[in-house]
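*Asks:* Dropping a prediction and its sequence here:
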Amino acid sequence: MSDIRAELRYASTHEWVRLEDDGTAYVGISDHAQDAMGDLVYVELPEVGQELEATDEAGVVESVKAASDIYAPVSGEVVAVNEALEDTPELVNQDPYGDGWLFRIRVADTAELEQLLSANDYREQLDSED
Amino acid sequence: MSTPDTRDDLLIFERSHAGRRAMAQAPKALPAERLAAIPDSLRRRARPALPEVSELQVVRHYTNLSSKNFAIDKQFYPLGSCTMKYNPRGANRAAMLPGFLGRHPLAPESHSQGYLACLYELQEFLKEVTGMKGVSLTPMAGAQGEFAGVAMIRAYHEARNDQGRTEILIPEAAHGTNPATAVMCGYTVREVPVNRDGDVDLEALKAACGPQTAGLMMTNPSTCGVFERQIDAIAKTVHEAGGLLYYDGANLNAILGKVRPGDMGFDVIHMNLHKTFATPHGGGGPGAGPVGVSERLKPFLPTPIVGRDGDRYRWLDRNDLPQSIGQLSAFMGNAGVLLRAYFYARVLGREGMIRVGEYSTLAANYLLKRLEAVGCTAAYPERRASHEFLLTFAKEAKTLGVSAMDIAKRLLDYNQHAPTTYFPLLVPECFLIEPTETETKEALDAFVDAMAAILAEAKNDPELLKGAPWSQPVRRLDDVKAARELDLVWRE
């Protein structure tokens, strides 16, 4: 049973978003996504300063068996990326909701967050995919 | 103290001992005047780091290594999408005739008529078997053939001053090389979804086609191991939008002598001679990826091509084909591979080609039905297999905790090469199995027996699978560590 955190929002493409008090949000991939990918060997992240629209390609995660695009769950400017992943992509596998975050984005429109899946909705999506 | 000569896991460098020499492998000494002709700037300052070993050590080292190979010459090798068929020794022998081996690539045409005649006939043969109007043999691998093919699509639109065609459409079930090729040629890729039964989603394709469409790249039969049934409608849709159709020849074996890409409406195709025409391709090559084209793309074919004036053969170059996308290699590509494919085609002939398609499909469908009977799950149970088919072990992964990779590794202990695993990506925990036409029924049955035994082990003793292979020179390799800490250079 994969770990789904109640306090997060999810995109149907398996990214999670956590809104901070300063109006920025952390983005990562879900526990289910990291488990399905297997051990990651490479993570490609967006550039700091890059403007992303929701659903834009924001990067790539690569494991020994697959490479998969990461999509921006919300629109905004990238304000930070998790540079530790360059040398230790396994952080995404070990701690997908913590140290394995991918990038941080200044959310342009918080209403977009409401359009993402709640933890319950995301759980339903995973169950229906089985 | 260890005794190095009896250990079989040493590198040749680790066997080195100062002052040892091997006469058979020693480079020929050059005459002093030729050595003197080498400019000082190109001379080595230090000796190369070569192992110093005896001739017998060299022979023993590499013979032992080769005996550890898991190879088509030793085992069943059902690697889906790779067409690991037997490479006939006769074709090899003919291509190794001294007249071919000794020919210099700059030899004049008048001294090369036999060689040119073979290549010309191969061009004609490939045209006939694919239904295309022109062929260039020169691309040196499937990837270069793909590059040439999409470069011709680009050249065609540019020659017509048809601007704004920026997109290549690629079905989800495509080979990973297809999107890479499109991007290499300056296009953006738009993915087209595939239906539950393995066919392209025609409505989604119609919606995706437009004035921005440069072309569609597809493999038919697809990597799902099924024939695309709506190919007529797909060709019509793409052509009406002004795009061209590209055929990836990876799975040509299934339809050889039966259906021709040219008749399906494709404008350009690459063929993998190292798959379909039985030339060796273990270890990554050398390959050969000739391209075939419809009438409208003929002016853009890469050079050189062999032409014929009366009873004389000659090279066609940029003077004959001013709109050519150009030359892809120094000379004629992998000439030795082309010759092997030529002899293979000559030995089989028209009748033999038809039997290739029939027997590769028969073998795949026999194997699929027998594997289903012993408890394997087909990804597309309602479809007839082409020359390959997909199994999924999603159920085993969920209920027993054994993955497709565990089953694949365990197959090695049963002396069977594992099929292609985890490809295509849209089917979870999958095997892509391609037996080819060159296997006997007994070989196919032995594979079924191995799979039945492994499925029983998965239920009763899953650790046998998770720890496999147990019988090979090396155990389960750490592919994650290999990818993260790639280190291929030997250091003292």
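*Replies:* Nice, thanks for sending it over.
*Asks:* Was I right to think residue B:80 contacts residue B:385?
*Replies:* No: using Cβ atoms under 8 Å, residue B:80 makes no contact with residue B:385, being 10.6 Å away. No exception for glycine: its C-beta is placed from N, CA and C like everyone else's.
*Asks:* Name the residues contacting each of these two.
*Replies:* residue B:225 (Cβ atoms under 8 Å, 6 or more residues apart in numbering or on different chains).
*Asks:* burial measure for residue 126, as a count.
*Replies:* With no chain named, the answer covers chain A. Counted with other Cβ atoms under 10 Å in any protein chain shown, residues neighbouring residue A:126 total 18.
*Asks:* Hmm, no, I was thinking of chain B.
*Replies:* Quick note: residue B:126 (other Cβ under 10 Å) scores 25 neighbours.
*Asks:* do residue A:77 as well
*Replies:* 16.
*Asks:* who's in contact with it?
*Replies:* Contacts of residue A:77 (Cβ under 8 Å, 6+ apart): A:49, A:50, A:51, A:52, A:105, A:106, A:108.
*Asks:* Among those residues, name the ones in strands.
*Replies:* Counting by DSSP state E, the part of the contacts of residue A:77 found in strands is A:51, A:52, A:105, A:106.
*Asks:* is it true that the second one touches residue A:76?
*Replies:* Yes: contact between residue A:52 and residue A:76 holds when scored by Cβ under 8 Å: they sit 6.5 Å apart.
*Asks:* Please enumerate the shared neighbours of those two.
*Replies:* With Cβ under 8 Å, 6+ apart, residue A:52 and residue A:76 have common neighbours residue A:105.
*Asks:* Where does the most centrally placed residue in chain A fall, secondary structure wise?
*Replies:* Nearest to the geometric centre of chain A sits residue A:28, at 2.5 Å (Cα atoms, centre = their mean). Under the criterion of DSSP states H and E, residue A:28 resides in strand A:24-29.
*Asks:* need the next SSE after that strand, C-terminal direction.
*Replies:* helix A:31-37.
*Asks:* and that next one, which residues are buried?
*Replies:* A:31, A:32, A:33, A:34, A:36, A:37 (16 or more other Cβ atoms under 10 Å in any protein chain shown).
*Asks:* Mind listing residues that contact stretch B:34-52?
*Replies:* Taking Cβ under 8 Å, 6+ apart as the rule, stretch B:34-52 contacts B:12, B:13, B:15, B:16, B:17, B:18, B:19, B:20, B:21.
*Asks:* where exactly do the strands run in chain A?
*Replies:* A:9-10, A:15-19, A:24-29, A:40-44, A:51-52, A:57-63, A:67-71, A:76-81, A:103-107.
*Asks:* Format these as JSON lines; extra columns: mean pLDDT and distance to residue B:196.
*Replies:* Output for these, formatted as JSON lines (pLDDT from 0 to 100; distance: least, Cβ to Cβ, whole Å):
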{"stretch": "strand A:9-10", "mean pLDDT": "97", "distance to residue B:196": "25"}
{"stretch": "strand A:15-19", "mean pLDDT": "97", "distance to residue B:196": "26"}
{"stretch": "strand A:24-29", "mean pLDDT": "97", "distance to residue B:196": "26"}
{"stretch": "strand A:40-44", "mean pLDDT": "95", "distance to residue B:196": "29"}
{"stretch": "strand A:51-52", "mean pLDDT": "97", "distance to residue B:196": "32"}
{"stretch": "strand A:57-63", "mean pLDDT": "94", "distance to residue B:196": "26"}
{"stretch": "strand A:67-71", "mean pLDDT": "92", "distance to residue B:196": "21"}
{"stretch": "strand A:76-81", "mean pLDDT": "97", "distance to residue B:196": "36"}
{"stretch": "strand A:103-107", "mean pLDDT": "97", "distance to residue B:196": "35"}
